[in-house]
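Peer 1: need the 3D shape of this:
(chains A, B and C)
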Amino acid sequence: MQSFSSEASFALLEKLRAERPLVHNITNYVAMTVSANVLLALGASPAMAHALEEQDDFAAFGSSLVVNIGTLSPPWIESMKRAAGLYAAAGKPWVLDPVGVGATTLRNETAADLLALRPTVLRGNAGEVLALAGFAGGVKGVDSTAGSDAALEAARAIAEQFGSVVAVTGETDFVIDGKRTVAIKGGHELMPLSTALGCSLSGVVGAFTAVAPAFEATVAALTVYAAAGRMAGNRLKGPGYLPAELCDALYALDESKLAANADAKQI
Amino acid sequence: MQSFSSEASFALLEKLRAERPLVHNITNYVAMTVSANVLLALGASPAMAHALEEQDDFAAFGSSLVVNIGTLSPPWIESMKRAAGLYAAAGKPWVLDPVGVGATTLRNETAADLLALRPTVLRGNAGEVLALAGFAGGVKGVDSTAGSDAALEAARAIAEQFGSVVAVTGETDFVIDGKRTVAIKGGHELMPLSTALGCSLSGVVGAFTAVAPAFEATVAALTVYAAAGRMAGNRLKGPGYLPAELCDALYALDESKLAANADAKQI
Amino acid sequence: MQSFSSEASFALLEKLRAERPLVHNITNYVAMTVSANVLLALGASPAMAHALEEQDDFAAFGSSLVVNIGTLSPPWIESMKRAAGLYAAAGKPWVLDPVGVGATTLRNETAADLLALRPTVLRGNAGEVLALAGFAGGVKGVDSTAGSDAALEAARAIAEQFGSVVAVTGETDFVIDGKRTVAIKGGHELMPLSTALGCSLSGVVGAFTAVAPAFEATVAALTVYAAAGRMAGNRLKGPGYLPAELCDALYALDESKLAANADAKQI
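Peer 2: Below is the predicted model of the structure:
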């Protein structure tokens, strides 16, 4: 329990701000600007590069990689696979955000191929985690029509089979590996009404994985983001200003604000 | 006249909020994030997907489609045509926004090809509607150097020939089919100074077409958007915050606010 | 000195607002929306078009071109080269923003190829200007590990060899041609924490080059942007609202505000 305190998460945030990791993103068009701004406000250094010809160069100096399949096309898929393989081979962390998996064959096949490359962290909502577990080959016993308990079961199965930390995010977030589950509360009901804030969270997870082991990093990322999201949402009456307010909340987050807004518990 | 009252438009907005239609967008890079946020604030569920490989899957569950040619390239054109054909074949509505038609041969040919697929609604400014009528084959008698009266004449010609509802938007908006013309006032002079708000309006039209017949849907979409735009613009001194303020105005729009700001009249 | 006064820069801003030049951008995905909004707030008319098939048409009526290599891929590189060649051949100004040059072979080769097409203005940070000078063929004697003095030396070498005005931007900006150097102060420490504001500045340079000779245009662009950035940043406590606030500052910039915030000196 001690290691998931707000103090522990804040210590990792301070480490991140000091080290300013370069987070290499291959992400969707809708999320690029928002993700870059969220990463800058957090204290990381974002780079967006999707060309196959640039993946080897970026993998050589990137601190971590975030792959997001929100607006796929075949040339990007090649780059995603190339980059994921390079980061994995170099022992560097990478995060998979399987946006919309379950919706199309192209997303299903791409997400399954990427999952087979064993992402350090998989982050998705309950439906995405369930869908991915449902057709990712060896993952058994998942009822894709079931609710959040089934999503946690699917997350555990993925974690065990692929060695990934799995973050299932929603009204309550869950971080799961083969043995542990941490539940994180926070955020705000306006967040789903502002596009790409889930994608940006995957970017934040990528930034934290560059400065800490995957499980602790993911818990810290979700704790920080849920706290900043709650603070930002509470200041607003609608979703329009939420990305800007969220960036300001991340930028100004200090230990006492995080302590007052963090809620992470091992369950 | 009764059917274009603010009460009628608000009833469709309430229906949209209840049904939360999935609006499938193949839109330009500049407009993607803004359009997604506008659709979320309105109460719809946006999806952005441009790969040819995903069009059949999305067309199977999308409620409506919005095709916007703002940042064209040949692979996207193939996807636009495929998607438009699929929605049309399924009897589902789709909206064409011919951004910048008249400026390049690629846009002219693409817009004409898409118009030939008979969009449910065509939305453009006066120049775009005139340009499109001018080279879209059989549309006759249009003087592309003429003013807004000529644009209405062009809109009527397109409506008759292709069976589309045509929305000509500007300081005053017009919704035209073969028989009726509705003029809608509102919006704000700051709106043309914030990018992609016209593109986002096409997204809003797409959302309304998923819950009502094309003419009534288009009138309601333009009425709601003009009212929210006027309210948002009146709160600001410059264009910087307009997208955020517009989203908040859409999110908070209720029957009395719409009644106080709506201005739609059959002419 | 007289010609770099705030009065001179404001006179060019007024000319720009009156002429409303069409600035054709081939820029990165992250910067597109922000750049378009900045250009609109400034008083220019932005167009984003990347397809090879559209370059000849746009080059025929565009007032100036901005090429930004932030999110490269081979098809876009072809369009960039085509467009740069067309604007150069027509005697129209074009601006090169070599984002991230030095990071990857693809960027290095692309930036060098584009520099060989002799941009009217090259705008980059010190590291980019140094990197570009380091491998752009005949530019000699540059120590790419050196600091800002070395960047100015590199800028002068590029200016002499390629006939470009070179803007090296950072905490202090410098505008250099073969003979003159102007130093411009302003901006705000929050600016590097909001993505694409450097890219947007390149857009602003492009707009000014459409209404004045390259050196005077670049000085005016940087003077106006630094003043607006300072005013915007001073109103804020974090980076979240900076793009919106910067647009409002540009939109409302008048002669007295510019005079109070401008700081450009020939050195």
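
Peer 1: just for the stretch 1-150 of chain A, where's the confidence low?
Peer 2: Scanning the stretch 1-150 of chain A for pLDDT under 70 picks out A:1-3, A:135-148.

Peer 1: most proximal residue of it with respect to chain B?
Peer 2: Evaluated by CB to the nearest CB, the stretch 1-150 of chain A has residue A:104 as its residue closest to chain B, separated by 3.7 Å. To be clear about C-beta, it is placed using only N, CA and C from the backbone, and glycine gets the same treatment.

Peer 1: leaving out the residues flanking it, which one is nearest to that residue?
Peer 2: Closest residue in space to residue A:104, ignoring its immediate chain neighbours: residue B:57 at 3.7 Å, by CB to CB, 6 or more residues apart in numbering or on different chains.

Peer 1: pretty sure residue A:243 sits against residue A:197.
Peer 2: Yes. Counting by CB atoms under 8 Å, residue A:197 is a contact partner of residue A:243 at 7.2 Å.

Peer 1: need the overlap of contacts for those two.
Peer 2: The contact sets of residue A:243 and residue A:197 overlap at residue A:34 (CB atoms under 8 Å, 6 or more residues apart in numbering or on different chains).

Peer 1: hmm, back to that, so the residue of the stretch 1-150 of chain A closest to chain B versus residue B:51, what's the distance?
Peer 2: Here the criterion is CB to CB, to the nearest Å. By it, residue A:104 lies 8 Å from residue B:51.

Peer 1: ok, and does stretch A:240-254 reach over to chain C?
Peer 2: Yes. When contact is scored as CB under 8 Å from any CB of the partner chain, part of stretch A:240-254 falls within range of chain C: A:241, A:243-248, A:251-252.

Peer 1: and these, which is closest to chain B?
Peer 2: Taking CB to the nearest CB as the measure, chain B lies nearest residue A:241 of those, at 4.7 Å.

Peer 1: tell me the contacts of the closest one?
Peer 2: With CB under 8 Å, 6+ apart as the criterion, the residues that contact residue A:241 are B:241, B:244, B:248, C:241.

Peer 1: could you redo those as TSV and give each row pLDDT?
Peer 2: Below are the contacts of residue A:241 laid out as TSV (pLDDT from 0 to 100):
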residue	pLDDT
B:241	98
B:244	98
B:248	98
C:241	98
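
Peer 1: get me the contact residues on chain A for chain B.
Peer 2: A:28-31, A:33-34, A:70-74, A:100, A:103-107, A:192-196, A:237-241, A:244.

Peer 1: residues in the stretch 51-200 of chain A within reach of chain C, list them.
Peer 2: A:51, A:53-54, A:57-58, A:61, A:75.

Peer 1: tell me which of the residues you listed fall in helices.
Peer 2: The helices, defined by DSSP state H, take in A:57-58, A:61, A:75 from those.

Peer 1: looking at this, residue A:265 is in a strand?
Peer 2: Yes. Under DSSP: H, G, I helix; E, B strand; the rest coil, residue A:265 falls within a strand.

Peer 1: pLDDT score assigned to it?
Peer 2: We note a pLDDT of 94 for residue A:265 in this prediction.

Peer 1: what do you get for residue A:178?
Peer 2: Taking residue A:178 on its own, its pLDDT is 84.

Peer 1: what's near enough to touch residue A:165?
Peer 2: By CB under 8 Å, 6+ apart, the contact set of residue A:165 is A:120-122, A:159, A:175-177, A:214-215, A:218.

Peer 1: next one: residue A:265
Peer 2: For residue A:265, the set of contacting residues under the criterion of CB under 8 Å, 6+ apart consists of A:1, A:4, A:182-184.

Peer 1: next: residue A:189.
Peer 2: When contacts are counted by CB under 8 Å, 6+ apart, residue A:189 is found next to residue A:233.

Peer 1: with that, I have no additional questions.
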